[in-house]
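Asker: okay, structure incoming, though there's no sequence with it:
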């Protein structure tokens, strides 16, 4: 005889069960069916594009689980949620990987190898791990659309990117300028100011700190001023000195030698200044405007240079209160020097080596020159102090090498013009955790600076600017579409990448001699500009899907690692505000980091975490999902994962196994009795009404939490309910299931538990998708829980008084069990007396047998 419900294993292999469900989804096209069932209402989710030239790690898995949970939930609410996957293809990650594989290093070697050959290799290399990504996403039970994926290297995507640049140009938000900016000498390209604020960019480093005596040439008293720097290599390029007009300085004297130092710094130099007496106190204003002798002779003829200037940025936090300024290597230095008519000089090449302008150190990497420069200062008898200085210093997050700051030409988005609008748009975003809004993201927006968007590289969307080859006949053309390029050059490009786009030139219309040509600038876009263009570029806006995009923007939801407040979250906000004056998304989760027991990031080298395949096989994807999303990591905190995965195992034992056991218990006895249960709305017994009320309340609460993007609280509610179901309802009702199903008491128990399990499996489905699916299919003739709607309270009236009273009873029982345990009294041993201290006891009589 056929059983009412298929048998369940009492001790299942969850890994095998999950693979069975994954196969079933694929075979029965369940993902597509879930998309097709809702067409009236749409929910917009942006899936941030990862690089496919590296394997997915736990950070990707965590983000991926959240990217799956919210769309599953919204689908159950009746919304259609497209989940189009995307790939970040351009930029330094791809180029650095290709350089390693080809065996070249630096721009010169790439050009020698051939830009076309290099970019062709990048194109192949960047998609190296797509199959591994697809397998990983599939195994974690995440539903995405790979068939209609977008790639930032697609010509349609790239055309939308150049359209965005042209729009910003028309709005007066683009400019080109020589400015000091973070620079990767290893990659030979500038870095955005916000990239230096990304995770791990600042690292502890020890540099030489020197205090140098600089002779003032026109002070009343022959004196030297003491400057302090942690970058001795910038001293050959010194053109000015800054003091703060409001600070107090000391004029010191010893045997005819006079030195000037900030009053606050005097005590720090007691050893070096032994024997010096304070001659007098002076204000910064007294020495501003004085001239001094160059420290090095290389630029001694620079106009307006070698003066003591006023600088508000000079403070008392470190140093001597007197700042050496090399405007070619310091942002504040450059601003103050420009205001005083001093030009920026940059005698350092693209590889971070000195040029012939500084002949004594020509060809030497700037960091390597420190030793020789310090030796020269000693020889000249101007070195007062040399020490090792440990500090946090910005490194390239792509090459791991320390950055330098240098002057170079770049294209900028003038973010400072509209940062107030970004601050306003941020007010319309619901952030989880909420402190991000006015904290890390809000503060970052308020201090937003102009964004360098050009890179001196090869593999990327080209900056669509053509300039005259002859400065006598200046002209700048900016293109925002392939049609515009075709109209001017007579050729329709089929590939916008270098070198093909570089080959397009035409006569300069503004040159009456007809000799000069319009030639494209060499730079490509910062890949962050491309990923920030994702909302519109993925649909080739405005060239296609114009109406669709405008009615589906901004996104309802987005999730990424919290450091993306300086990355993707930020670039989305910049471009969305500049182009559309709207926030790019309405709800955002910024999650924390998974670390090991020592607080270190997970690392292949350290082997300090279980490999994902290990987790799939030992615990299953649902257990990992629960372990990650039920933790405080979704509230921006870090999560500890041990090498053995004990936390994942705990999730399995405490939540998933009890869920399984509740359905196993039900189907076991229902099959024995051959009983066909019914879905019900009410019952006569208080304990049945209690669990029915409780499951509806839990369903409603989980819905509320997920609607507010509070996944962690939703997990807590589910976990608590599963505990209530197993350790209270089933345990209290066990004798009823052992009775014959012809008995009304038993029927009510079966019907109640059947109803509760059906509701529970629906609201647990987004969070435990594979096991919930297996159990729901078991109870419902193979129907998928992911094609069901969210359970509603329609015909059920919550008995809130009953819930309150029964919860009190449970609390009393729990307290009594604790007392038994403390006094080593077995649970089966009857008590002579149990005193309960409550104000009113009428209600409790209904719950005492």
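Answerer: Arrived safely. Owing to the predicted nature of the structure, the values given are computational and were not obtained by experimental measurement.
Asker: can you list contacts of the host helix or strand of residue 590?
Answerer: Here residue 590, judged by DSSP states H and E, is contained in strand 587-591. Identification of contacts with strand 587-591 by CB atoms under 8 Å, 6 or more residues apart in numbering yields 62-63, 66, 429-433, 436, 440-441, 556-562, 564-565, 569, 633-634, 636, 709, 711. Bear in mind the C-beta positions are built from the backbone N, C-alpha and C, glycine included.
Asker: can you name every helix or strand that the helix or strand just after that strand contacts?
Answerer: Once the chain leaves strand 587-591, the next helix or strand it forms, by DSSP H and E, is strand 594-595. Here strand 594-595 touches helix 58-76, strand 639-640, going by 3 or more CB pairs under 8 Å, 6 or more residues apart in numbering; DSSP states H and E.
Asker: residue 726 is nearest to which of the ones you listed?
Answerer: Proximity to residue 726 (CB to CB) singles out helix 58-76 among these, at 23.6 Å.
Asker: just how off-centre is the closest one within its chain?
Answerer: 15 Å (CA atoms, centre = their mean, to the nearest Å).
Asker: what element comes up after the helix or strand encompassing residue 487 heading to the C-terminus?
Answerer: In this assignment (DSSP H and E), residue 487 forms part of helix 482-489. With elements assigned by DSSP H and E, the helix or strand that comes after helix 482-489 is strand 506-507.
Asker: tell me which of the helices and strands packed on strand 594-595 sits most buried.
Answerer: helix 58-76 (a mean of 23; mean count of other CB atoms under 10 Å).
Asker: next, the angle strand 587-591 makes with it.
Answerer: 150 degrees (axes from the mean of the first three to the mean of the last three CA atoms, to 10 degrees).
Asker: list of residues touching stretch 729-749?
Answerer: 662, 665, 669-670, 673-675, 683-685, 687-688, 690-691, 750, 753, 756.
Asker: tell me the mean pLDDT for it?
Answerer: Mean pLDDT, taken over the full extent of stretch 729-749, equals 90.
Asker: tell me the buried residues in it?
Answerer: 729-730, 733, 736-737, 741, 746-749 (16 or more other CB atoms under 10 Å).
Asker: and of those residues, the nearest to residue 96?
Answerer: Nearest member of the buried residues of stretch 729-749 to residue 96, counting by CB to CB, is residue 730, at 57.3 Å.
Asker: any idea of the mean pLDDT for the helix holding residue 487?
Answerer: Taken as a whole, helix 482-489 carries a mean pLDDT of 98.
Asker: same question for stretch 252-263.
Answerer: The model assigns stretch 252-263 a mean pLDDT of 95.
Asker: same question, stretch 295-310
Answerer: 96.
Asker: mind checking the end-to-end distance for it?
Answerer: Stretch 295-310 stretches 19 Å from its first residue to its last (CA to CA, to the nearest Å).
Asker: could you pull out the helices in the stretch 251-400 of the chain for me?
Answerer: Counting by DSSP state H, counting those that start in this stretch, the stretch 251-400 of the chain has helices at residues 331-339, 366-379.
Asker: out of these, the one nearest residue 251 is which?
Answerer: helix 366-379 (22.5 Å).
Asker: pLDDT score for residue 840?
Answerer: Residue 840 is given a pLDDT of 63.
Asker: over to the one 4 residues further on?
Answerer: What the model reports as pLDDT for residue 844 is 70.
Asker: which residue, other than its chain neighbours, is closest to residue 474?
Answerer: Nearest non-adjacent residue to residue 474, counting by CB to CB, 6 or more residues apart in numbering: residue 468, 5.5 Å away.
Asker: and the one you found, what are its bridge partners?
Answerer: residue 518 (DSSP bridges).
Asker: hmm, back to that, which of the helices of the stretch 251-400 of the chain sits most buried?
Answerer: Comparing the helices of the stretch 251-400 of the chain on average neighbours, where mean count of other CB under 10 Å defines a contact, helix 331-339 leads with a mean of 19.
Asker: now what about it, what contacts it?
Answerer: With CB under 8 Å, 6+ apart as the criterion, helix 331-339 contacts 179-181, 239-240, 242, 309-311, 313, 323, 325-328, 343-344, 405, 407.
Asker: what helices and strands are in contact with the longest strand along the chain?
Answerer: Ranked by residue count, the top strand of the chain under DSSP state E comes out as strand 202-215. When contacts are defined as 3+ CB pairs under 8 Å, 6+ apart, strand 202-215 packs onto strand 224-229, helix 366-379, strand 383-394.
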